[in-house]
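Q: Generate a structure from the sequence data that follows.
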Amino acid sequence: DTIEFIEVFLVDIQENGDYKTLETYLNKKMYKKWSNNAGFVNVSQYEPVLDAFSHWTHEYTKGQMIVVDLQGEKKNKKFYLTDPVIHSSTGNLFGVNNSRLKGINRFFKTHICNNICEQLELTKQNV
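A: Numbers count the residues shown, from 1 in each chain. Sure thing, here's the model as predicted:
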């Protein structure tokens, strides 16, 4: 399986000075929320690749960040994801949904390492 985050474009509405975001349409019937930024994991539609991806982002950033709130559409073994949340333990980056270390810990309270985590030799976290 592969993961792709959908590109988002910022559009300047000249008439009123507003800005809007624009991205590729995702089929609402196929749309799924696999995790959120509060530790939820959709166990009824569990995708080990996505769970391991979040864990990997934490490991790759040496514990500084984690990408969660994975949602979108899966087509032919490819995930098209949109609107992720990044928790950063190092500061108030990445918007209002960044719960910093608290958000990182929430992920690991519900995360159970799967075979992909083991193949990637990711460190098990105890929170």
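
Q: Name the residue most distant from the centre of the protein?
A: The C-alpha centroid of the chain is most remote from Glu15, which lies 34.3 Å away (C-alpha atoms, centre = their mean).

Q: next one: the longest helix along the chain to chain centre, how far?
A: For the chain, the longest helix by residue count, based on DSSP state H, is helix 48-60. Mean-position distance between helix 48-60 and its chain equals 9 Å (C-alpha atoms, centre = their mean, to the nearest Å).

Q: Please compute how far the helix or strand that comes right after that helix lies from its chain's middle.
A: The helix or strand immediately downstream of helix 48-60 is strand 65-68, counting by DSSP states H and E. Relative to its parent chain, strand 65-68 has a centroid offset of 6 Å by C-alpha atoms, centre = their mean.

Q: strand partners of the helix or strand just after strand 65-68, parallel vs antiparallel please.
A: Following strand 65-68 in sequence order, the next helix or strand is strand 71-75 (DSSP H and E). Paired strands of strand 71-75, with direction, are strand 32-33 (antiparallel), strand 78-81 (antiparallel) (DSSP bridges).

Q: for the first one, what is the average pLDDT?
A: With pLDDT averaged residue by residue, strand 32-33 scores 97.
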